[in-house]
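1. prediction below, plus the sequence it came from.
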Amino acid sequence: MLNAQKQLMKGLLFMKDKVGIFATDVSDTKTGTWRLAKPIVNENCKVCGICSKYCPGLLIEMEDIAAIDYEYCKGCGICEVVCPFKAILMVEEAE
Amino acid sequence: MSDLICKGTTTCEGCGMELLARSIVEVLGKNTIVLTPPSCSAILTGFGDQTCWRIPAFQSNLENIAAYCSGISTALEYQKREDVYVVALAGDGGTVDIGLQALSGAVERGHRFIYICYDNEAYMNTGIQRSGSTPIGAWTTTTPGGKEESKKNIVEMLMAQGIPYIATASVGYIDDFKRKLDKAKDVNGPTYIHVLSPCPPGWRYEARETIKLGRLAVDTKLYPLFEAIDGDIRITKKVSKVKDIGEYLKLQGRFRNITKEQIKSLEVDAAKYYDKLVEMEVE
Ligand SMILES: Cc1ncc(C[n+]2csc(CCOP(=O)(O)OP(=O)(O)O)c2C)c(N)n1
Ligand code: SF4
Ligand SMILES: [Mg+2]
């Protein structure tokens, strides 16, 4: 090792006691509670996968038809706009 | 689907940056170290003891994310870990304004890292202040009458430095972005991708229109998609039928008070720049 590298390693070892590991837990915010309107998939769905590609949360899986994870879906409505087949319509959440 | 970012993140609904972040980890995979500066992307890196990333992530300062990339990249070089990608996900303010000298220095020194700027055209995280990347005519809290100056062209600046790979992209055309990132990841040197990333609260539009706006910006020639490998430019999305800029502007509340002259200047500059790119393009 170069001398400079050795110095660097020494510095890092010194830091080890001073700096802890910060974020260790993976965050899990149930963002489905934010939703004002809910995307509902209808029989026009061709399982093309376009909505799933553009969902910012990547929360749509391609099953028999598009399956949306409502636990996390924030209700942005992007899927409704990008769907070429009008297979997703936003419906206002009931109280 | 990539699960390298947790499901529930606290970005706003319809956030273009969140889609971009998920696309990045999808392409790069788990052997990646991601850096974020203070910005909306920092939402992903953490609050308290929680993080959204399931890969190593580092929170830099706003001025120096590229300097941290340099350091991490150099450490990996010493460890002979060419299999690990170093990627910065920084906002436009932290890139074209505050982090510019660190970025320019890192590109000049030639470190291997991928720098992705998500351009939401203002300092959004702190409440919509203008940045060098805010377009002419756009309202922000610090340009209440609309910005009077044009958008800074950071891509041209970095090209002048001879960066080996650089590209523009838009979250509206996410496959095009993924292809570009796939190329950038194999370059043994600095790479940069500038991605237009519509922001519902900052641009004052309904969250549902994010992708539509990301596409309109390209289809109106306001935001041409191209890449340059060792300086050789190639337009990746040819615009043959130009859409009306008015269609793009009218969807966004931030352009409510844009003047006719400003629209004209947007139009003229966009057409001029696109023609220049066509002229410089290699066959
Ligand atoms: C040197 C410095 N100045 C100001 C700030 C405060 N600050 C934190 S985030 C932010 C906005 C950054 O804007 P941008 O890079 O465009 O990212 P966005 O918030 O739009 O995602 C600012 C100004 C800071 N952290 N450091
Ligand atoms: S302010 Fe804009 S960029 Fe920031 S999290 Fe919200 S939508 Fe995304
Ligand atoms: Mg910004």
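-> Sure, I can see it. All values reported here derive from a predicted model rather than from experimental measurement. Ligands and ions are numbered 1, 2, ... in the order given.
2. send the alpha carbons of stretch B:167-181 over as PDB?
-> Taking Å, rounded to 0.1, in the frame of the first residue of the first chain, the C-alpha atoms of stretch B:167-181 are listed here in PDB:
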ATOM      1  CA  ALA B 167     -27.400  12.200 -22.600                       C
ATOM      2  CA  THR B 168     -30.700  13.900 -22.000                       C
ATOM      3  CA  ALA B 169     -33.800  11.900 -21.100                       C
ATOM      4  CA  SER B 170     -37.300  12.500 -19.900                       C
ATOM      5  CA  VAL B 171     -39.400  10.400 -17.500                       C
ATOM      6  CA  GLY B 172     -42.100  10.600 -20.100                       C
ATOM      7  CA  TYR B 173     -40.000   8.200 -22.300                       C
ATOM      8  CA  ILE B 174     -38.700   5.900 -19.600                       C
ATOM      9  CA  ASP B 175     -37.400   3.200 -21.900                       C
ATOM     10  CA  ASP B 176     -35.200   5.700 -23.700                       C
ATOM     11  CA  PHE B 177     -33.700   6.600 -20.300                       C
ATOM     12  CA  LYS B 178     -33.100   3.000 -19.300                       C
ATOM     13  CA  ARG B 179     -31.300   2.300 -22.600                       C
ATOM     14  CA  LYS B 180     -29.100   5.300 -21.900                       C
ATOM     15  CA  LEU B 181     -28.300   4.300 -18.400                       C
END
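3. rounded mean pLDDT for it, please.
-> Stretch B:167-181 carries an average pLDDT of 98.
4. and the pLDDT at whatever residue of the stretch 51-200 of chain B ends up closest to ligand 2?
-> Ranked by CB to the nearest ligand atom, the top residue of the stretch 51-200 of chain B for proximity to ligand 2 is residue B:199, at 3.1 Å. Placement of C-beta: from N, CA and C, glycine included. Listed pLDDT for residue B:199 reads 98.
5. quick check: it vs ligand 1, distance?
-> 7 Å (CB to the nearest ligand atom, to the nearest Å).
6. how about the nearest residue to that residue once chain neighbours are set aside, what does it touch?
-> In space, and not counting its chain neighbours, residue B:199 is closest to residue B:120: 3.9 Å by CB to CB, 6 or more residues apart in numbering or on different chains. The contact partners of residue B:120, by CB atoms under 8 Å, 6 or more residues apart in numbering or on different chains, come to B:16-17, B:40, B:91-92, B:197-199, B:202-203.
7. 7 Å instead, please
-> B:16-17, B:91-92, B:197, B:199, B:202 (CB atoms under 7 Å, 6 or more residues apart in numbering or on different chains).
8. dump these to JSON lines, plus secondary structure and neighbour count.
-> Output for the contacts of residue B:120, formatted as JSON lines (DSSP: H, G, I helix; E, B strand; the rest coil; neighbours: other CB atoms under 10 Å in any protein chain shown):
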{"residue": "B:16", "secondary structure": "helix", "neighbour count": "30"}
{"residue": "B:17", "secondary structure": "helix", "neighbour count": "29"}
{"residue": "B:91", "secondary structure": "strand", "neighbour count": "33"}
{"residue": "B:92", "secondary structure": "coil", "neighbour count": "28"}
{"residue": "B:197", "secondary structure": "coil", "neighbour count": "29"}
{"residue": "B:199", "secondary structure": "coil", "neighbour count": "27"}
{"residue": "B:202", "secondary structure": "helix", "neighbour count": "26"}
